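A.B. asks: how would this look folded up:
(chains A and B)
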Amino acid sequence: MTKQKPARVRFAPSPTGMTHLGSARTALYNYLLAHQTNGQFILRIEDTDRKRYNPESEIDLISSLKWLGLNWDEGPDIGGPYAPYRQSERKDIYQSYAQKLIDMGYAYPCFCTQNRLNELRKEQQKRKVNPKYDRKCRDIPPLEAAKRVANGESHVIRFKTPLTGSITVHDYLRGDITVNNKQLDDFIIVKSDGLALYHLAAMVDDHLMGITHVFRGEEWLSTFPFHAHIYRAFGWEEPVWIHLSVFLNPTGKGKMSKRFAQQMRLKGNSIFIKDIRKMGYIPEGVINWIVLMGWSFDDKTEFFTLNDLVNNFSIDKLNPSPAAIDFKKLDYFDGLHIRALSKSELAKRLKPFYLKAGYSIDDSVLDKVIPLIQVRLHTLNEAPEISGFFFADHVNPNPNDLIGKHLTIDESIIAAHESYKLLSDLTEFSPSSLEQPLRQLAEKLGLKAGQLFGILRVAITGQKVSPPLLESMEIIGKETVLNRITIAIDLLKSIEGQPNQS
RNA sequence: GCCCCCAUCGUCUAGGGGACUAGGACGUAGCCCUUUCAAGGCUAAGACGGGAGUUCGAAUCUCCCUGGGGGCACCA
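C.D. replies: Predicted coordinates for the structure are as follows:
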């Protein structure tokens, strides 16, 4: 790999909601670039909007990123050479830079009330013209404006966007983008409460913190020229701008929205990391899944660990077109990574999920169960469902399921009974010692092995679908196996003569 | 309405003028393996949105159209 200069990158979410797939992927790309260039990954909280601030979301953010393994080198919790990393604590910095802009003639105080602005916008929308500030305060003589500010008159600060000409900005994935300045508004950069808006705050921070690459969502593309204006007004060197595509609904129609996110949850899927974790997906699977939505390595390789990605990631292979979320693929990747886990690691991760499902776990039993279920799992949540019977005191088969395929109840009872007799005579209880006798019994009864195994499977595991039967029997042990068969025979007898038999 | 971005199988994508009868993966279907379910193996169906150019040659370059997406806040 070619030696790259260390990148300083930042993930800068605003704490207004739960961390979702889109932000996780942005954070991931940041992390990867930082690590492969031996640079720094910075976490910065963009909480300049007090009204939308949600303290829970910051907690959620930290736990989500940590769970994914995307640790940062500088951030609000651990500090760093450019602290503070929370924008609400950097108010004075932004103010001084806003003042510089005013002094240089690139910005001006605006005394228009919000009321007037709303009216203006309404009127413009009615006339079907582009809603924009009419620049009423732009030409107030600076001295007069300064006086009014000094007098404490409520005001915001706006950027004085050039009225003519055009600006060309460069996005790494899309190349040059040229926009006429007259399309641009005189954006507000400092609110009347004195706090800077993203437009100013993020630019100042990115510059001050030495950010070399900015990953952000495509939704910033339209204000991109404006941000470049700010950089250029200050004469700062611009970072590499990389606007990432948005995530689309699984249907491919429309952006992933709050409304759709709710619908997803109803269907048992979620775009929120917190939910995904709860559903039993493992971070390795999630990482592998999201990294491929908008990035690829080549035409074949698709399995990646975080470490693989650090070595192989490249911003050159990023794809600017939007991607639809495919949850089926998450199951696939998660299964892949579950299978890649060591037995002991899987056991460790599985335990809380059994506990949550109400099972108490015997570690030595769990160790024996793991090899049977590892290949069958897509999420950790599935483990209690398919293998809870190993840890349960009783199983509760549906009596009708105990009836062998194409058999009557009587025939099923006989089969179960004969099995009981056979098994109780065995001293060794292992797959190899069980297999031949059971197959011979099936033959003797005129049954296919599958018919007999089916009856025993339901009797012993309580399920029609289970891990391999003989291996399961070994783990469960002779005594419990015989008990469960006895109960199954009783169950079969209880439905004998009832109309509902199949 | 105005501005901007995007465009290969249903989905994620490879492809950056000839190596393309367009490759891989998920999903789907079939077969194999098999005590169920998985996992695995094999096979199949499945795409360059349309139209003009440029070129000996275009999925690849240009333009137009269409479609999709994003933005137009004292939100980020």
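
A.B. asks: count the neighbours of the residue of chain A found nearest RNA strand B for me.
C.D. replies: Nearest to RNA strand B in chain A, going by CB to the nearest atom of the strand, is residue A:255, at a distance of 2.6 Å. To be clear about C-beta, it is placed using only N, CA and C from the backbone, and glycine gets the same treatment. Neighbourhood size, residue A:255 [other CB atoms under 10 Å]: 13.

A.B. asks: same question, residue A:472
C.D. replies: 22.

A.B. asks: which pLDDT value goes with it?
C.D. replies: What the model reports for residue A:472 is a pLDDT of 98.

A.B. asks: using PDB, write down the CA coordinates of the helix or strand hosting it.
C.D. replies: In the assignment (DSSP states H and E), residue A:472 maps to helix A:469-476. Extracted C-alpha coordinates of helix A:469-476, given in PDB (Å, rounded to 0.1, in the frame of the first residue of the first chain):
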ATOM      1  CA  LEU A 469     -30.800 -35.200  17.000                       C
ATOM      2  CA  LEU A 470     -28.200 -37.700  18.100                       C
ATOM      3  CA  GLU A 471     -25.700 -35.100  19.200                       C
ATOM      4  CA  SER A 472     -28.500 -33.400  21.000                       C
ATOM      5  CA  MET A 473     -29.400 -36.600  22.800                       C
ATOM      6  CA  GLU A 474     -25.900 -37.100  24.000                       C
ATOM      7  CA  ILE A 475     -25.800 -33.600  25.500                       C
ATOM      8  CA  ILE A 476     -29.200 -33.900  27.100                       C
END
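
A.B. asks: which neighbouring elements make contact with that helix?
C.D. replies: With contacts taken as 3 or more CB pairs under 8 Å, 6 or more residues apart in numbering; DSSP states H and E, helix A:469-476 sits against helix A:363-373, helix A:431-445, helix A:449-461.

A.B. asks: past it, which element shows up next along the chain?
C.D. replies: helix A:478-495.

A.B. asks: now do the strands in chain A.
C.D. replies: A:8-11, A:40-43, A:107-110, A:156-159, A:166-171, A:175-180, A:188-190, A:213-217, A:240-244, A:247-248, A:323-324 (DSSP state E).

A.B. asks: for RNA strand B, what are the nearby residues on the stretch 1-150 of chain A?
C.D. replies: A:12-14, A:16, A:46, A:48-49, A:51-52, A:112-114, A:117, A:121, A:128-133 (CB under 7 Å from any atom of the strand).

A.B. asks: which ones among these lie within helices?
C.D. replies: Counted as lying in helices by DSSP state H, out of these, are A:114, A:117, A:121.

A.B. asks: remind me which residues of the stretch 251-400 of chain A are low pLDDT?
C.D. replies: Residues of the stretch 251-400 of chain A meeting the criterion pLDDT under 70: none.

A.B. asks: repeat that with 80
C.D. replies: For the stretch 251-400 of chain A, the stretches with pLDDT under 80 are A:252-254, A:256-257.

A.B. asks: contact residues of it facing RNA strand B?
C.D. replies: For the stretch 251-400 of chain A, the residues in contact with RNA strand B (CB under 7 Å from any atom of the strand) are A:252-255, A:292-294, A:296, A:298-300, A:302, A:316-317, A:319-324, A:326, A:328-329, A:331-332, A:335-336, A:339, A:375-376.

A.B. asks: buried ones among these?
C.D. replies: A:292-294, A:320, A:322-323, A:331-332, A:335-336, A:376 (16 or more other CB atoms under 10 Å).

A.B. asks: make TSV out of these and add distance to residue A:235.
C.D. replies: Formatted as TSV, those follow (distance: CB to CB, whole Å):
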residue	distance to residue A:235
A:292	40
A:293	37
A:294	33
A:320	29
A:322	35
A:323	37
A:331	51
A:332	50
A:335	53
A:336	50
A:376	61
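
A.B. asks: closest to residue A:75 among those?
C.D. replies: Taking CB to CB as the measure, residue A:75 lies nearest residue A:294 of those, at 24.4 Å.

A.B. asks: for the closest one, grab phi and psi.
C.D. replies: With angles defined as degrees, to the nearest 10, residue A:294 sits at phi 120, psi 0.

A.B. asks: where's the closest residue to residue A:285 other than its chain neighbours relative to residue A:282, distance?
C.D. replies: Excluding the flanking residues, the one nearest residue A:285 by CB to CB, 6 or more residues apart in numbering is residue A:334, at 3.1 Å. From residue A:334 across to residue A:282, the span is 6 Å (CB to CB, to the nearest Å).

A.B. asks: what sits in contact with each of the two?
C.D. replies: Here residue A:334 and residue A:282 have residue A:379 as joint contacts, going by CB atoms under 8 Å, 6 or more residues apart in numbering.
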